[in-house]
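>>> what follows is a predicted structure for the sequence shown.
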Amino acid sequence: MITVKSAREIETMGRAGRIVAGVLDLVRSRAVPGVSTWELDRIAEEFIRSHEAATPSFKGLYGFPATLCTSINAEVVHGIPSKRRVLVDGDIVSVDVGVCVGGLHADSAVTATVGEVAPATHALLEATQRALAAGIAAARAGAHVGDIGYAVQQVAESAGYSVVRELVGHGIGAQFHEEPQVPNFGRPKHGARLMPGMTIAIEPMVNAGRPEVRTLGDRWTVVTQDGSLSAHFEHTVAITENGARILTAA
Ligand code: MG
Ligand code: MG
């Protein structure tokens with residue numbers, strides 16, 4: 001079921017979203033060579049819990065053990081922070097986080113660069129951010145979910161990359177994952193119609209190589225099948241009469 005949120009609920013999600021943005025800024029600044037993803041997770045959880053009544057959404061969600069998903073290089077999403085995963089110069093790391101305030105969630109992700117990364121890596125990140133921006137621009141009241149996926153896919157594929165099919169964006173609110181699913185591919189004017197008050201997480205996962213992914217033996221970490229790099233950027237937005245309002249902006 002697709003739920004429409006009240007103005008007050010959207011304000012609460014915006015409060016959660018500003019904490020999410022703060023976490024991502026902080027973690028991005030700490031994502032330097034020599035730091036483990038476990039350390040990033042500690043920093044993130046401490047930051048979230050320093051805000052009254054804010055809790056990390058991921059911890060315990062479907063049994064996930066941490067505050068952040070940290071997914072390095074060919075890892076697409078759902079990487080588990082670990083003391084053994086130490087960032088090295090040239091890595092990219094997708095940092096994904098959710099925060100709950102007043103029973104409502106917000107969700108966002110960035111892919112951070114560690115030290116100096118190759119120009120081709122910068123190009124992948126830049127295209128993925130443009131794909132997210134195009135998806136957000138397509139998320140207008142009266143448009144369809146397929147318009148979002150189409151916009152994301154156009155940007156990613158015209159830059160020479162592929163979009164992941166098995167994992168999708170989602171409605172968000174009182175539940176972390178709500179209807180509708182928001183794929184990063186689609187056909188214009190297809191899928192659920194967007195209405196003011198809907199809140200959705202748009203999250204392109206863009207691979208430098210082929211689109212196929214697989215899940216590692218830890219049953220969480222999703223990686224590209226061909227070992228190519230993958231980038232991930234995400235915002236939670238509210239559909240309004242005047243376009244999408246980003247709730248996870250700083
Ligand atoms: Mg996320
Ligand atoms: Mg999400």
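Ah, there it is. Numbering: from 1, shown residues only. Ligands and ions are numbered 1, 2, ... in the order given.

>>> residues of this structure that sit close to ligand 1?
Residues of the chain found near ligand 1 (CB under 5 Å from the ion) are Asp96, Asp107, Ala109, Glu234. Using the backbone N, CA and C atoms, a C-beta is placed for each residue, glycine as well.

>>> surely Val95 touches Val114?
No - if you go by CB atoms under 8 Å, Val95 and Val114 don't touch, sitting 11.1 Å apart.

>>> which stretches of this structure aren't confidently modelled?
In the predicted model of the chain, no residue satisfies pLDDT under 70.

>>> quick revisit: can you redo the residues of the chain next to ligand 1 as TSV with neighbour count, distance to ligand 2 and secondary structure?
Formatted as TSV, the residues of the chain next to ligand 1 follow (neighbours: other CB atoms under 10 Å; distance: CB to the ion, whole Å; DSSP: H, G, I helix; E, B strand; the rest coil):
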residue	neighbour count	distance to ligand 2	secondary structure
Asp96	24	7	strand
Asp107	29	4	strand
Ala109	26	7	strand
Glu234	25	5	strand
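
>>> could I get those residues in a markdown table, plus columns for distance to Leu61?
Output for these, formatted as a markdown table (distance: CB to CB, whole Å):
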| residue | distance to Leu61 |
| --- | --- |
| Asp96 | 12 |
| Asp107 | 11 |
| Ala109 | 15 |
| Glu234 | 15 |
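
>>> which among those gets closest to Met198?
Ranked by distance to Met198 (CB to CB), the residues of the chain next to ligand 1 are led by Asp107 at 14.4 Å.

>>> contacting residues around that closest one?
Going by CB atoms under 8 Å, 6 or more residues apart in numbering, Asp107 touches Val20, Ser57, Asp96, Val97, Gly98, Ile172, Phe176, Ala201, Glu203, Glu234, Thr236, Thr248.

>>> let's go with 10 Å and repeat that
Counting by CB atoms under 10 Å, 6 or more residues apart in numbering, Asp107 makes contact with 13, 16-17, 20, 57-58, 96-99, 169-170, 172, 176-177, 199-203, 234-236, 247-248.

>>> give the bridge partners for Ile246, please.
Val237 (DSSP bridges).

>>> burial count for it?
Ile246 has 19 neighbouring residues, counting by other CB atoms under 10 Å.

>>> ok, now Ala174?
The number of residues packed near Ala174 is 14, by other CB under 10 Å.

>>> hang on, the earlier thing: what is in contact with Val95 and Val114 at once?
Shared contacts of Val95 and Val114 (CB under 10 Å, 6+ apart): Ala31.

>>> can you point me to the longest helix in the chain?
The longest helix of the chain (DSSP state H) is helix 7-30.

>>> which element is the nearest residue in space to Arg187 that is not next to it in sequence on?
Distance criterion CB to CB, 6 or more residues apart in numbering; nearest residue to Arg187, sequence neighbours excluded, is Gly146 at 4.8 Å. Element membership of Gly146, judged by DSSP states H and E, is helix 145-158.

>>> after that helix comes which helix or strand?
Assigned by DSSP H and E, the successor of helix 145-158 is strand 162-163.

>>> output the contacting helices and strands for the next helix or strand after that next one.
Downstream of strand 162-163, the next assigned helix or strand under DSSP H and E is strand 169-171. On a contact count with 3 or more CB pairs under 10 Å, 6 or more residues apart in numbering; DSSP states H and E, strand 169-171 meets helix 145-158, strand 178-182, strand 199-202, strand 235-240.

>>> Gly227: which of those is closest?
helix 145-158 (18.6 Å).

>>> and that closest one, what's buried?
145-157 (16 or more other CB atoms under 10 Å).
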